[in-house]
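Colleague: test case, fold it:
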Amino acid sequence: LILYSKFEKKDYKGAIKDFDFAYKNSNDEYSVMHFDNKITVKYIIKDYKSAIEDFDREIASAKTEEIRDSFLWDKAQFLYNIALYDKSLEIYDELISRSDEDDVYLIKNRLYYERAQVYDKLHLTLLAIKDRFIADALDIEEDYKKPIPRPVLLIDDLQSF
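Modeller: Have a look, this model is predicted:
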């Protein structure tokens, strides 16, 4: 796949440019995948500041609350993975407070479960236990009881942008 060749060759700056180009120029269901791949490459090369700026730009320009929430959630997970737990917690708090209004995109039980992981990292054990209890009371599925995911390259063998 052409889009992934620079990444495979460890030309990370070129891969970031390619994924960014694909993100900005595709209007299909793969568009966000290209953004996620750009963020993943920045995570791999530890260009955290630029990745956070990318998230902030997308959050600020989101056309709908659902899109904004999706980028916020991804940013919260990214911040968790780079050990910026306090900033991650702020976003989880915001998303949980709004999850009553949006129960389609903001899966409340999963948000509570992930926030519990942030509390664990902050050594706020009682708050973590409380959030896990709430997640269980909201009938969280076992599939959602996983660690907050690390950024990974998403590959679609149908794309050759």
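Colleague: residue 100: what's it in contact with?
Modeller: residue 108 (CB atoms under 8 Å, 6 or more residues apart in numbering). Backbone N, C-alpha and C define where each C-beta goes, glycine included.
Colleague: one more pass at 10 Å, please.
Modeller: With contacts taken as CB atoms under 10 Å, 6 or more residues apart in numbering, residue 100 has the following neighbours: 106, 108.
Colleague: and it, its phi and psi?
Modeller: Summarising the backbone geometry of residue 100 under the convention degrees, to the nearest 10, its torsions are phi -70, psi -30.
Colleague: and the spatially most central residue of the chain, how close does it get to residue 10?
Modeller: Taking CA atoms, centre = their mean as the criterion, residue 74 is the residue nearest the geometric centre of the chain, at 1.8 Å. Counting by CB to CB, to the nearest Å, the gap from residue 74 to residue 10 is 25 Å.
Colleague: just the strands from the protein, written as ranges.
Modeller: When assigned using DSSP state E, the chain turns out to have no strands.
Colleague: so for the residue nearest to residue 75 when sequence neighbours are not counted, what's the pLDDT?
Modeller: Of all residues not flanking residue 75 in the chain, residue 55 sits nearest, at 4.1 Å (CB to CB, 6 or more residues apart in numbering). What the model reports as pLDDT for residue 55 is 98.
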